[in-house]
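Enquirer: I need the structure of the sequence given here:
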Amino acid sequence: MNNREKEILAILRRNPLIQQNEIADMLQISRSRVAAHIMDLMRKGGLKAKVTFSPSRNTA
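Expert: As a prediction, the model looks like this:
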């Protein structure tokens, strides 16, 4: 995993619902480059899915 992939993975762990264009703006790279890094992370096994859902917390 390269440094840019590690950066993107850290961002996705902090905010799994972040949009690719937001990551691109943060890192000052193109959205297509972000998409390529995400695909590489998924292929390498560093990322199983871009979005993971937390169980709902019903207090009723």
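Enquirer: Which positions in stretch 6-19 come out as buried?
Expert: For stretch 6-19, a neighbour-count test (16 or more other CB atoms under 10 Å) marks I8, L9, I11, L12, I18 as buried. Where C-beta positions appear, they are placed from N, C-alpha and C, glycine not excepted.
Enquirer: List the contacts of N21.
Expert: R31, V34 (CB atoms under 8 Å, 6 or more residues apart in numbering).
Enquirer: For the helix or strand it falls within, what does the pLDDT average out to?
Expert: Element membership for N21 (DSSP states H and E) is helix 20-27. In this model, helix 20-27 has an average pLDDT of 97.
Enquirer: ok now it, how far from the chain's centre?
Expert: Distance of helix 20-27 from the chain centroid (CA atoms, centre = their mean, to the nearest Å) equals 10 Å.
Enquirer: mind putting the buried residues of stretch 6-19 in JSON lines, secondary structure and distance to R43 included?
Expert: Converted to JSON lines, the buried residues of stretch 6-19 look like this (DSSP: H, G, I helix; E, B strand; the rest coil; distance: CB to CB, whole Å):
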{"residue": "I8", "secondary structure": "helix", "distance to R43": "14"}
{"residue": "L9", "secondary structure": "helix", "distance to R43": "13"}
{"residue": "I11", "secondary structure": "helix", "distance to R43": "18"}
{"residue": "L12", "secondary structure": "helix", "distance to R43": "15"}
{"residue": "I18", "secondary structure": "coil", "distance to R43": "20"}
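Enquirer: From these, pick the one nearest H37.
Expert: I8 (5.0 Å; CB to CB).
Enquirer: so what's that closest one up against?
Expert: Per CB under 8 Å, 6+ apart, neighbours of I8: I23, L27, V34, H37, I38, L41.
Enquirer: go on, S30?
Expert: A24.
Enquirer: ok, now I23?
Expert: Counting by CB under 8 Å, 6+ apart, I23 has contacts I8, I11, L12, V34.
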